[in-house]
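Novice: test case, fold it:
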Amino acid sequence: MTPAFSRRVPDGDTVARQVCDTCGFVAYDNPKIVVGAVVRCGSRVLMCRRDIEPARGRWTLPAGYLEHGETPPEGAAREALEEACATIRIGALLAVYTVRRLGQVQLIYRATLADARFAPGVESQAVALFEPDEIPHDEIAFPTVRWALAHERLDGGPFANPDDGEPPPP
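Specialist: Numbers count the residues shown, from 1 in each chain. Okay, the predicted model is just below:
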């Protein structure tokens with residue numbers, strides 16, 4: 001028997017959700033957590049040309065979805081290894097971005113390359129180090145990559161962007 005769900009406010013909650021009509025199981029639909037890093041090697045920034053959709057062929061920072069059982073810094077380091085075959089040292093949290101339309105919360109860290117080795121991973125066509133003035137800004141994959149690059153150049157503590165749709169001021 002396939003369970004039937006209806007949208008209603010479960011007991012003890014304030015938000016309408018999908019609830020199983022038979023057993024009361026609540027199917028929560030919560031945001032996904034994305035983790036990544038602005039990785040420096042001296043003055044240069046590590047970037048990956050995507051080999052997957054969305055934005056195939058465009059440049060991004062090593063980033064992706066956090067897996068169950070890992071901390072955000074562990075996830076950011078794993079993503080750098082998967083996308084750029086790079087071992088990185090995670091530093092401070094750089095920014096927290098909310099992308100409402102995609103249901104994402106993005107945690108972006110400052111990081112450095114642990115050594116000079118990197119290569120395209122399975123999701124990347126190419127990986128390169130760019131001086132800040134050489135970054136191909138017209139080929140950037142996502143707005144949050146632009147925001148993170150701008151914030152990484154700032155001094156100070158972590159930046160939190162409470163809204164989506166507008167780039168935060170650098």
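Novice: which parts of the top helix by length along the chain are buried?
Specialist: When the chain is parsed with DSSP state H, its longest helix is helix 72-84. For helix 72-84, a neighbour-count test (16 or more other CB atoms under 10 Å) marks Pro72, Pro73, Gly75, Ala76, Ala77, Arg78, Glu79, Ala80, Glu82, Glu83, Ala84 as buried. C-beta coordinates here come from the backbone N, C-alpha and C atoms, glycine included.
Novice: ok, now stretch 120-133?
Specialist: Buried-residue list, stretch 120-133, by 16+ other CB under 10 Å: Pro120, Gly121, Glu123, Ser124, Val127, Ala128, Leu129.
Novice: the second one and Cys48, how far apart?
Specialist: So the one you mean is Gly121. Shown here: Gly121 relative to Cys48, a distance of 8 Å by CB to CB, to the nearest Å.
Novice: and for those two, which residues touch both?
Specialist: Glu83, Ala84, Val127 (CB atoms under 8 Å, 6 or more residues apart in numbering).
Novice: phi and psi next, for the last one.
Specialist: Phi and psi for Val127, reported as degrees, to the nearest 10, are phi -140, psi 140.
Novice: pretty sure it contacts Leu46?
Specialist: Yes: the criterion here is CB atoms under 8 Å, and Val127 meets it with Leu46 at 6.9 Å.
Novice: ignoring the adjacent residues along the chain, who's closest to Ala114?
Specialist: Distance criterion CB to CB, 6 or more residues apart in numbering; nearest residue to Ala114, sequence neighbours excluded, is Thr87 at 4.2 Å.
Novice: mind listing what that neighbour touches?
Specialist: Ala77, Ala80, Leu81, Leu113, Ala114, Asp115, Arg117 are the contacts of Thr87 under CB under 8 Å, 6+ apart.
Novice: now the strands for the chain?
Specialist: Using DSSP state E, the strands of the chain run over 5-8, 17-20, 26-27, 32-41, 44-50, 59-60, 63-65, 88-99, 104-113, 124-130, 159-161.
Novice: so which of those strands is nearest Ala141?
Specialist: strand 59-60 (4.1 Å; CB to CB).
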